[in-house]
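Asks: Here is a sequence with its predicted model. Questions after.
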Amino acid sequence: MADKILQVENLVVGYGGRPVLTDINVHVNDNEVLCLIGHNGAGKSTLLKSIFGLVPHEGGRILFNGKEAVTEPRAMTMAGMSMVPEGRGVFPGMTVEETMSLGMWAAGVPEKERAERIDWVMSILPMMKKFYQTRAGNLSGGQQQMVSIGRALLSRPRCLLMDEPSIGLAPKLFQDLCGPIRELQQTTGMSILLVEQNVKEALKISDRVVVMKSGQMTWEGQPSELSDNKKLMELY
Amino acid sequence: NDIEIGAVFPLSGPNATYGDIFMSGADLAAKHANDDGMLSGDLKILYEDSQALPQQGVVAMNKLVNVEGVPYVLSAFTGVSKAISTLAQRSRTVAVNGGGVGPDLAELGEYFWNVIPLANNEVGALAAYAVNDLGHKRFTLVYVDDPLGESILNELEKTLPSLGAELVESHSIAASAQQFSGVAARVRSNNPDVVYVASYGSQQLQIVKQLRDNGVKAQIASYSAFSVPGIQQQEEAQGALFTTQSIDWDSEDPVTKRFVDDYQAMHGKNPTSYIANYYNAVRVFALLAQVLEEQDKEITGANLLAQRKATDTFELVGGEVSFQENGTLLAPIQVLEVDGSGSGKTVFVKATE
Amino acid sequence: MTAYILNLLVLISVYAILSTTLNFIIGYAGIFSLAHAVFFGIGGYTAALVAMNVTPEFFVAIPIAMAAAAVTSLLLALPALRVRGEYFVAASLGLQVLAVTLFSEWKSFTGGLGGVIGIPAVELFGFPVYKPWQFLLMSLICLVIIIAITRTLVHTSFGRSLKAIRDSESAALASGKNITVIKTLSVVMSSALAAVAGALYAFYMSFINVESFMLDTSVLVMAMVIIGGTATILGPLLGAALLMLMPSALTYLTFLPQTEIGSIQQIVYGLAMVLLMIFRPGGIVSSHPGGGK
Amino acid sequence: MNEQLNTAQETVKPAPGSGFTGSTDDQDVLLEISNLSKNFGGLQAINDVSLNLRAGIVTTLVGPNGAGKTTLFNMITGHIQPSEGDVRWQGESVIGKAPWKTARVGIARTFQDLRLFTHMTVEENILTVMEPGSWLWQPGGKFRKNRRYEKVSRILERTGLADKRHTRALDLAYAERKFLSLARIMATDSRLWLLDEPASGLDPNSYNLFLQLLREEVREGITVCIIEHNLDIVVNISDRIAFLDQGKLLADGEPTTILNDPALAAIYFGER
Amino acid sequence: MLFLQLLANGLQVGAIYALTAAGFSLIFGSTKIFHFAHGATFAIAAYLFHFALAGMGLHWTFAVAVAAISAVVFGVLLDRFMYAPIQRHEGSFFTVFVASFGIGIVVQNLLGSLFGRGFMSVATPLSNSVEVMPGLYLSPLNGLAIVCAIICFAALHFFLTRTFVGKALRALSENPELVRMFGLSPRRLSTYAFALGSLLVVPGAIFTAAGTGINPAVGHHVMLISLAATIVGGIGSLRGAACAGLMIGVAENLAMWKLGTQWSEAITFAILFFFIIFKPSGFFGRATVS
Ligand SMILES: Nc1ncnc2c1ncn2[C@@H]1O[C@H](COP(=O)(O)OP(=O)(O)OP(=O)(O)O)[C@@H](O)[C@H]1O
Ligand SMILES: Nc1ncnc2c1ncn2[C@@H]1O[C@H](COP(=O)(O)OP(=O)(O)OP(=O)(O)O)[C@@H](O)[C@H]1O
Ligand SMILES: [Mg+2]
Ligand SMILES: [Mg+2]
């Protein structure tokens, strides 16, 4: 097995004194898709946020590429991580095009590569061409989700955090997304930490599964082991 | 055993300059009174800030009357004076105005006195001089639309025709306005001989500057509000005419002489009529209180009032003066010209009618 | 001394009425009005006019003043229905400035900058009330009644509807709330009650002029609400007391240089506002921990 | 009303989702959408859609993103005015009515982005929708008041929010918010519910609870129209599926037929 | 002719308003901070310019530099040490407003105590107007103000469009949390906004100091106008703010053609009021009618 690109050790996070994550240990290997599932309020989003530096962690440490990371969004982005937030990751007032270019500027993509990156994303998400010039605020929920994912991919991250990308997406659309993402991941050797409620689809593209329950890791294993619903339900 | 009187002056805000000026006069008078030992105790003045706003004025007045229990309060500014007049009347405290010149200040009850001739007298004097001596015919008025401004407007409309001159146009401006290039343009467009500026505070300086900047060459005229250093030093204002009650600064009468000398000694510049007015305001109290003490009556507002009515003339800066029945000082008016000297050069004196 | 305290207390109670009524639309309806002084003024002028030309009877002057304010407040309801947030703030600001100009120009009604002098003392069933403590009693009673009114308003379904509209208009609509009526009603209520404060003020000072009803007053009242704590009963009262007492308290710092005392007072006053907001963003009485909404 | 309720109940006897055929034509139509169209500038969001919502059954509205489902809801509730067409509630048109009037005839809805009354407590959130005429005192005095409070407690019990009664909506966790928005319309006595993706992002436990609630309500005679992307839910709850794509109504019929239609699978369901 | 004169004056005043308004619009539009102390910045710049020129006798270029630096520093300091802490406590729109207003009071009185409460103006021949054609007097300042405004806007436009800062600021105005998600720092961006916005008051302040003259309360009126212009122009739209500012300046002066000056402010705000009621979105901005 390849070495670990992301390691989370004894992570402790809370909101205003109220602990949400208590002693989390999890790692993501190079070139793998790790699927993280758990009941609502388990702390999945919180975990992703604290990895990306949006929420400070009170204890434990986070290693990226083997060295301790300064968990602060800008630093993480530069280090080659990007995140698809829960909900709608777009600016209602900006056209898709603007969102994309802003995203690339923020991620420090060099001037000349930008056009080519856009084309590349378009090839993954062909639907986006249709509403490339529309203001994101007028897009349907799913269209917005696409933009959000597209933007995260622009910086060609080595590690991608995705928080429930399937919310509000048509099933077919999500499947169509999964294909390219998986492909992309295998070709570029990117690794993905995927949080999903839509377990059936998520498992299809993941190499490994961890289950989280009220702020702790409770189970780890192969997707195949969760194929039957009974097992799944008892884990929840 | 101090003897305390109060003062409600603007000590902050856009009109605070006046507060400083008034104070210098009042303090000097208190000093003199104490040096001469006119009173049994030390005469002290308690200052309160009115920001030249009615409500603050009333709060301050309340403090002076109810907490300090002073019998005599120096007041300034028409709005504030009006606001505190009711309280003065109810609490039988004498309020004395030496700054505001709105004519309606004469009708604020018998506990409200003015040691300053009011605007209507001033306008008459200036108009007379400008028309008869300088031969100006066409007047324009730029006035803040407050009681003072209006009274000046009325006064001009009344007096000018009788002198054979006319008020060509009058521009009323908001008290807060600072932009006068437009007014200047209009003034210029009906080119008058005289522009009468009826404003106060920093605004009047702005008006003068912008009138001149925008090519208004006409003679500028105003009332006693011009007797502030700001105007006296401003070069755009040089040559402007203004009126104050007539004080012959180099007269030999001892009160005036002492006042002028000590003031110059203390501040290194010539006093203005405002300073004289508040000097007088305090001096009036000292004189009245002195008498009351001799008759060992208590120094209360009521007694002061009675004593004032009993006294027919007072030895004040500027000579012998007397109060009218309505508590307003009668004094001759003089027309001065701004010449940078600090107090202005007297060009004409109009005796009291 | 007592008289001085009484005087301050009267002014505080008047401003407490203002802040309470403003809090009603700010805290519960989310209508951030910078035009409250307008209705304060209309109340004052109307009461003065009635007192001088008809009768200084409390139960005549006050209702008329309230009615006048209520009618004019429809002008404020108009933008309140069309826009939210900073747009409404600006609209109310516009109204405030317009009103100030009208107050200073419409001399027959307001006496302009000169103001209205010699307003007779208010009468309760023919008995004139002017002694400070009597007046204080009267204004306190008014305050209590008004607090009671606003309290009942916000603790019944009306208040819930207001809050619902504040949080999400479209959802409120979808659950059958007639936004137009509710919003208009709340604006009219708060303005009419503010007019009571105006009338009391006019009677107490027996002199009013436009300078008491300018933007600064609106902002001051706003500050009272915010500093005290929005959407609370006690907050606006504390805010009013604090902001009214502070300047008077500062006048006792006699060691300050005479010529600078005014400025220093103002500076301290301003700094206090800033520090309070930095360290107590939710107001002294915070309706919920974690600061303002 | 009563009589309708009965018919509703007996027609729903066989548990919803058990391949029940909801399209026998003798059923009475609650809401009738005819030739509805809407375009935003150039974009034709809804294009000549005609659809009937029959009483007492669950009609699921599916379709790709941007198909116009939410827009359709917005036009029914009057949040958006249609360009053409009409919507009739029991024969009477609701087009041009203010949203609050439409709500009062008995059409309740949830929003894709919940739109809770964030700064109000859970209890207040529910109480306030039970007081449409928002006057000072609700009719019926103490008695009715207690009834209302009882109803709130009952609803909170069923939606599992009982212990959050006095927390502000914005302090709730994701799932709890979803349930609150559901509770909010359970409290209205509306006969038609329009649910916009009510179960998206819910974990299996939560959405089982959700399905159970919905079944109970339908059994009570509530008519539901639900937008959902989660196929498990679509399969489990639908009595009837209407398929919308690019503003057009492509298909409208029994779940089995729709779900197995290869053409639709190609554009929406994907392989299952 | 009078009309032309008033128009000319209007354009000069308008140019100054436009700049100040653009500054406020930039700050408010992107950070959503109701920066009422913008007027204070204006006053500070004006006074320090006057002080550097008349008080310390510096060359005017240095005086301008002093004014510019002081304005920027003041703006950024406020953002860092006043607004930032308040916003950390999810401070509401009006919490910020009250604090900002408080600072305004402090500055006004400080300036009064330090530099005197009276009226001051920079003595310069530039403000003396000459008769360019019968009845039309123009001062060099008229021209300068307008030219300067045009240059500033050109520069600003260039900066905001060429660099991505403009886009980033717009993004900030819509969703700061998401801006962080993109890997940008909202703090840094708002510092940009404040620096730029404060810088924009400097020309206005200087021309006021030289033209109409200044007193400690000078910022107040300008602030109100900026606010009005920002709304009329549409929040977040610099073009709008600029146009609105210019329009207001002209309207104010043309009002004098028929009415007394005491009406000019009222007219400005009447415009504002009706704009909000009938076209809340302003010239170019977007409506936020919920
Ligand atoms: N900003 C916040 N302040 C306080 N508590 C929070 C905040 N965000 C989340 N929480 C709490 O932390 C816990 C975990 O939230 P989180 O969003 O991480 O769960 P989750 O696993 O992502 O749930 P879901 O599957 O619904 O997204 C929940 O109980 C939630 O109430
Ligand atoms: N206010 C609006 N202005 C312009 N276009 C709009 C507006 N609202 C929606 N649209 C467009 O109308 C189409 C339908 O939008 P709608 O939200 O109804 O889709 P949807 O079916 O709800 O999609 P989803 O399932 O992803 O929510 C979309 O293409 C959207 O871009
Ligand atoms: Mg989550
Ligand atoms: Mg939708």
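Replies: Structure's in. What do you need? Numbers count the residues shown, from 1 in each chain, chains lettered A, B, ... in the order given. Ligands and ions are numbered 1, 2, ... in the order given.
Asks: Okay, strands next: where are they in the stretch 1-150 of chain B?
Replies: Here the stretch 1-150 of chain B has its strands, by DSSP state E, counting those that start in this stretch, at B:3-9, B:43-49, B:72-75, B:94-97, B:112-114, B:138-144.
Asks: Just give the nearest non-adjacent residue to residue 225, would you?
Replies: With no chain named, the answer covers chain A. Counting by Cβ to Cβ, 6 or more residues apart in numbering or on different chains, residue A:231 is the residue found nearest to residue A:225 once chain neighbours are left out, at 6.7 Å. Where C-beta positions appear, they are placed from N, C-alpha and C, glycine not excepted.
Asks: right idea, wrong chain: chain B
Replies: residue B:200 (4.2 Å).
Asks: what about residue B:300, how many neighbours?
Replies: 16 (other Cβ atoms under 10 Å in any protein chain shown).
Asks: show me the contacts for it.
Replies: Counting by Cβ atoms under 8 Å, 6 or more residues apart in numbering or on different chains, residue B:300 touches B:71, B:92.
Asks: For it, give its distance to ligand 1.
Replies: 68 Å (Cβ to the nearest ligand atom, to the nearest Å).
Asks: Enumerate every residue touching the residue nearest to residue B:225.
Replies: B:15, B:18, B:144, B:148, B:225.
Asks: One more: residue D:67?
Replies: A:140, D:244, D:245, D:246, D:247 are the contacts of residue D:67 under Cβ under 8 Å, 6+ apart.
Asks: Equivalent analysis for residue C:237, please.
Replies: C:16, C:19, C:20, C:228.
Asks: Put together a markdown table for those residues, with neighbour count on each row.
Replies: Formatted as a markdown table, the contacts of residue C:237 follow (neighbours: other Cβ atoms under 10 Å in any protein chain shown):
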| residue | neighbour count |
| --- | --- |
| C:16 | 28 |
| C:19 | 30 |
| C:20 | 30 |
| C:228 | 29 |
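Asks: buried stuff in stretch C:245-262?
Replies: C:247, C:248, C:250, C:251, C:259, C:260, C:261, C:262 (16 or more other Cβ atoms under 10 Å in any protein chain shown).
Asks: hang on, the first one packs against residue C:267?
Replies: No. With contact defined as Cβ atoms under 8 Å, residue C:247 does not reach residue C:267; the gap is 11.7 Å.
Asks: Determine which two of the buried residues of stretch C:245-262 are furthest apart.
Replies: Put simply, by Cβ to Cβ the two of the buried residues of stretch C:245-262 set farthest apart are C:248 and C:259, 19.9 Å from each other.
Asks: And the helices in chain D, which stretches?
Replies: D:2-12, D:69-76, D:99-105, D:122-129, D:141-159, D:174-187, D:204-219, D:231-237, D:255-260, D:262-264 (DSSP state H).
Asks: Contacts for the fifth one, please.
Replies: I take that to be helix D:141-159. By Cβ under 8 Å, 6+ apart, the list of residues contacting helix D:141-159 reads D:122-123, D:126-127, D:130-131, D:138, D:140, D:162, D:164-165, D:179-180, D:182-183, D:186-187, D:213, D:216.
Asks: Select only the buried ones of these in PyMOL?
Replies: To isolate the buried members of these in PyMOL, using 16+ other Cβ under 10 Å:
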select buried, chain D and resi 122+123+126+127+130+131+138+164+179+180+182+183+186+187+213
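Asks: what residues does chain A put near ligand 2?
Replies: A:138, A:139, A:140, A:141, A:142, A:168 (Cβ under 6 Å from any ligand atom).
Asks: how about the helices of chain C, start to end?
Replies: C:2-23, C:36-53, C:58-82, C:85-105, C:107-110, C:132-155, C:157-167, C:169-174, C:179-205, C:215-228, C:234-250, C:261-279.
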